[in-house]
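Q: Structural data only, the sequence is not supplied:
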Ligand SMILES: Nc1nc2c(ncn2[C@@H]2O[C@H](COP(=O)(O)OP(=O)(O)OP(=O)(O)O)[C@@H](O)[C@H]2O)c(=O)[nH]1
Ligand SMILES: [Mg+2]
């Protein structure tokens with residue numbers, strides 16, 4: 001199955017493309033191959049097709065269409081992936097000319113996400129993105145090929161069979177999905193609110209797909225999340241609690257990776273998941289520094305974060321860059337990276353999630369960041385103050401609790417500085433005005 005990478009500087013309908021990708025053509029082609037392989041497609045051929053003047057009807061000129069047709073026949077390919085936007089008209093014409101199914105970048109990414117979704121929320125989000133995509137392409141008509149196949153698998157992703165439904169029916173389904181998603185998200189938020197009763201801050205790991213987010217997550221939490229040399233290995237967010245050297249507990253979260261030209265409908269559909277990231281107290285932006293395209297990948301991630309309203313630089317930013325895979329660098333490259341990290345205003349942290357290099361430093365930085373705001377307090381609570389004892393357990397981190405001879409309780413707790421006044425109010429209510437003594 002050929003993977004084509006067209007190099008058009010203009011969108012297929014002739015409008016100026018929104019931006020020229022910062023990634024090199026070869027890298028984009030390799031990435032497209034990786035995307036195809038992520039859903040176990042057997043890639044027979046992968047080639048770059050220069051595209052000086054995209055044709056509205058067929059994207060490529062007639063000579064190219066013929067040339068590719070020969071390739072498809074030789075390879076017995078059933079599917080052609082074009083790593084570029086393809087209009088519904090172009091798709092239909094090319095499918096007819098080639099007698100093969102044509103998929104563009106957005107279609108392929110949606111397919112991968114469809115296969116990876118595990119949770120109810122993930123499934124709903126992917127279906128929503130699929131339908132939105134299909135709705136925007138409703139003009140297409142169906143070739144005999146697709147009618148014959150159908151069913152599950154590649155041609156039967158969520159909603160694929162609904163392509164022939166009219167816009168209104170698709171819209172109805174989109175509306176009901178949105179309602180269902182809202183319920184799922186609200187339930188999750190309730191859980192989150194429950195979890196946050198003990199106020200552990202959250203650090204969210206984000207980054208380009210395959211940067212090593214899950215490997216780092218596993219290493220730091222002792223979890224066993226799937227980490228694989230494959231794009232979009234992770235789709236659903238996972239959270240785990242870790243305890244730092246100072247005793248400070250935080251929650252680490254691992255989530256879906258980003259990719260260049262992430263389809264907007266996918267970002268929109270995953271908004272609820274990504275909101276976990278936005279709500280995090282700290283973002284760890286994991287980057288594969290051994291990747292030739294690391295700067296372009298970093299730009300892509302920052303672009304998505306900015307779109308989501310997350311400040312990536314400046315005083316507002318609560319983001320730390322984690323420069324991963326330093327074990328893959330040569331000695332001089334590694335020195336260069338470490339020097340560059342030191343020169344930076346908000347110093348990035350070079351690590352290797354595989355060898356464990358730099359992780360102690362990363363944990364120390366997290367500890368300093370999260371514990372800076374903590375107060376550790378000790379005080380005595382009379383045994384009769386059951387409500388106060390309950391409140392302390394729900395709202396602070398109880399480090400130690402012991403009982404005096406008289407049966408009163410000695411508490412040693414950790415609380416964030418900003419919450420001190422709430423604690424004072426609770427103590428006053430119990431008539432314990434000046435019993436606090438920092439330890
Ligand atoms: N050499 C080396 N390989 C690493 C390192 N960290 C991760 N990897 C490898 O990179 C590949 C991707 O790792 P993952 O942890 O799955 O990456 P991810 O960012 O979670 O990827 P997605 O969930 O697919 O977005 C795996 O083959 C890891 O073994 C590292 O520090 N050094
Ligand atoms: Mg992952």
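A: Received the coordinates, thanks. All values derive from a computational prediction rather than experimental measurement. Ligands and ions are numbered 1, 2, ... in the order given.

Q: Quick check on residue 310: phi, psi?
A: phi -100, psi 130 (degrees, to the nearest 10).

Q: any idea how far the residue positioned nearest the centre of the chain is from residue 271?
A: Nearest to the geometric centre of the chain sits residue 256, at 2.9 Å (CA atoms, centre = their mean). Separation of residue 256 from residue 271 (CB to CB, to the nearest Å): 12 Å. Heads up, the C-betas are built off the backbone N, CA and C, glycines and all.

Q: before we move on, what about residue 84?
A: Residue 84 is 26 Å from residue 271, by CB to CB.

Q: Please identify which of those two sits among more neighbours.
A: residue 84 (23 against 14; other CB atoms under 10 Å).

Q: Look at that one and give its secondary structure.
A: coil (DSSP: H, G, I helix; E, B strand; the rest coil).

Q: Does it touch residue 103 like I think?
A: No: applying CB atoms under 8 Å, one finds residue 84 not in contact with residue 103, separated by 11.1 Å.

Q: Could you give the number of residues near whatever residue of the stretch 301-439 of the chain ends up closest to ligand 2?
A: Of all residues in the stretch 301-439 of the chain, the one sitting closest to ligand 2 is residue 353 (11.0 Å; CB to the ion). Residue 353: 26 surrounding residues under other CB under 10 Å.

Q: element containing it, please.
A: Residue 353 is part of no helix or strand when elements are defined by DSSP states H and E.

Q: what does residue 97 give?
A: helix 88-98.

Q: For residue 111, grab phi and psi.
A: Taking degrees, to the nearest 10 as the convention, residue 111 sits at phi -60, psi -40.

Q: same thing with the one 4 residues further on?
A: Dihedral angles phi and psi of residue 115 (degrees, to the nearest 10) take the values phi -70, psi -30.

Q: Identify the residue spatially nearest to it, adjacent ones excluded.
A: residue 39 (5.6 Å; CB to CB, 6 or more residues apart in numbering).

Q: Output the below-cut-off pLDDT ranges for the stretch 101-250 of the chain.
A: Scanning the stretch 101-250 of the chain for pLDDT under 70 picks out 138-166, 189-199, 224-225, 227-237.

Q: do that again at 80, thanks
A: For the stretch 101-250 of the chain, the stretches with pLDDT under 80 are 116-119, 121-122, 134-168, 185, 187-200, 223-238.

Q: Strands of that one, residue ranges please.
A: Under the criterion DSSP state E, counting those that start in this stretch, strands of the stretch 101-250 of the chain are mapped to 101-104, 202-207, 238-243, 249-254.

Q: got those strands as JSON lines, with mean neighbour count and distance to residue 333 columns?
A: Converted to JSON lines, the strands of the stretch 101-250 of the chain look like this (neighbours: other CB atoms under 10 Å; distance: least, CB to CB, whole Å):
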{"stretch": "strand 101-104", "mean neighbour count": "22", "distance to residue 333": "36"}
{"stretch": "strand 202-207", "mean neighbour count": "24", "distance to residue 333": "20"}
{"stretch": "strand 238-243", "mean neighbour count": "15", "distance to residue 333": "30"}
{"stretch": "strand 249-254", "mean neighbour count": "21", "distance to residue 333": "27"}
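
Q: In TSV, list these along with distance to ligand 1.
A: Conversion of the strands of the stretch 101-250 of the chain to TSV gives the following (distance: least, CB to the nearest ligand atom, whole Å):
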stretch	distance to ligand 1
strand 101-104	20
strand 202-207	6
strand 238-243	10
strand 249-254	7
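
Q: Settle this for me: the residue nearest to residue 115 is touching residue 111, isn't it.
A: Yes: here residue 39 reaches residue 111: they are 6.0 Å apart, a contact under CB under 8 Å.

Q: quick one: which of the two has more around it?
A: Taking other CB under 10 Å, residue 39 and residue 111 do not tie; residue 111 has more neighbours (25 against 18).

Q: Please parse the chain into its domains.
A: Domains of the chain are assigned by automatic domain parsing as 2-109, 117-178, 198-371, 374-438.

Q: so does the first one get close to ligand 2?
A: Okay, so that is domain 2-109. No: looking at domain 2-109 against ligand 2 by CB under 5 Å from the ion, there are no contacts, and the closest approach is 12.0 Å.

Q: Report the distance from that domain to the chain centre.
A: How far domain 2-109 lies from its chain's middle: 26 Å, per CA atoms, centre = their mean, to the nearest Å.

Q: what do you get for the last one?
A: Using CA atoms, centre = their mean, the mean C-alpha position of domain 374-438 is found 39 Å from that of the whole chain.

Q: one step back: nearest to residue 186, of the domains of the chain?
A: Residue 186 sits nearest to domain 198-371 of all the domains of the chain, at 9.7 Å, using CB to CB.

Q: Over to residue 410. Which of the three states is it?
A: strand.

Q: which ones are touching it?
A: 378-381, 400-404 (CB atoms under 8 Å, 6 or more residues apart in numbering).

Q: now residue 86
A: Applying CB under 8 Å, 6+ apart, the residues contacting residue 86 are 12, 59, 94, 102, 104.

Q: any idea how far residue 75 is from the nearest residue to the third one once chain neighbours are set aside?
A: Closest residue to residue 94 apart from its sequence neighbours, by CB to CB, 6+ apart: residue 102 at 4.9 Å. With distances defined as CB to CB, the gap from residue 102 to residue 75 amounts to 15 Å.

Q: Roughly how far does the closest residue to ligand 1 within the stretch 251-400 of the chain sit from residue 310?
A: Ligand 1 sits closest to residue 257 of the stretch 251-400 of the chain, with a gap of 2.5 Å, by CB to the nearest ligand atom. Separation of residue 257 from residue 310 (CB to CB): 16 Å.

Q: now swap in residue 336 and tell me
A: Residue 336 is 28 Å from residue 310, by CB to CB.

Q: who has more neighbours, those two?
A: More crowded of residue 336 and residue 310, by other CB under 10 Å: residue 310, with 21 against 13.

Q: Which of the residues in the longest helix anywhere in the chain are classified as buried?
A: Ranked by residue count, the top helix of the chain under DSSP state H comes out as helix 167-195. Neighbour-count burial for helix 167-195 flags 170, 173-174, 177, 181, 184-185, 188 (criterion: 16 or more other CB atoms under 10 Å).

Q: And for stretch 84-101?
A: For stretch 84-101, by 16+ other CB under 10 Å, it's 84-87, 89-95, 97-98, 100-101.

Q: How about stretch 347-359?
A: 348-354, 358-359.

Q: Of those, which pair is most distant in space?
A: 348 and 354 (18.0 Å).
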